[in-house]
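Peer 1: the following block contains a protein sequence and its predicted model.
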Amino acid sequence: MASRYPLVNFGDIKNGSKFTTTLDTILTSSDQGLPILHMVFTNKNDVTRFMSDLKEADLGISVVAGGLFEEIFQCCRKSGITPHTANHSLGVFGRTEKLPSQEVLDITTMCGHSLVTAALTRR
């Protein structure tokens, strides 16, 4: 459904992103179980239309939308979806002196999954 709209990026855990694979490869992957997919949009209208498509399809799956609260909630309202959960980072606590430099953190924390190591980023 998301491919009906312009995607900046897409991917899954097994096959990678649009920079390493094709959407067709991801969609036809024979992996067991449901894949964890990501789709990246840059246009709020596309997100709203995609959310409307998801609501109409009633797939019974969990979907997470990330972005600025106000904008995501606006897309939800327009598509008739009521969000049930909101996650918000409260910052970093503890021995922050052990963290890499802010310049490295700017890269390694972009996706939230620490898939790019601090050492690789420094290199």
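Peer 2: Looks like it came in fine. Residues are numbered from 1 along each chain as shown.
Peer 1: list the contacts of the spatially most central residue of the chain.
Peer 2: By C-alpha atoms, centre = their mean, the mean C-alpha position of the chain lies nearest to residue 38, the distance being 4.9 Å. Neighbour list for residue 38: 9-12, 17 [criterion: C-beta atoms under 8 Å, 6 or more residues apart in numbering]. From N, CA and C alone the C-beta is placed, and that goes for glycine too.
Peer 1: looking at this protein, which helix is longest?
Peer 2: Longest helix in the chain by number of residues (criterion: DSSP state H): helix 44-57.
Peer 1: returning to that earlier point: which of the contacts of residue 38 are buried, as a PyMOL select command?
Peer 2: Buried residues within the contacts of residue 38, by 16 or more other C-beta atoms under 10 Å, are selected in PyMOL with:
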select buried, resi 10+11+12
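Peer 1: what's the burial count for residue 15?
Peer 2: Neighbourhood size, residue 15 [other C-beta atoms under 10 Å]: 18.
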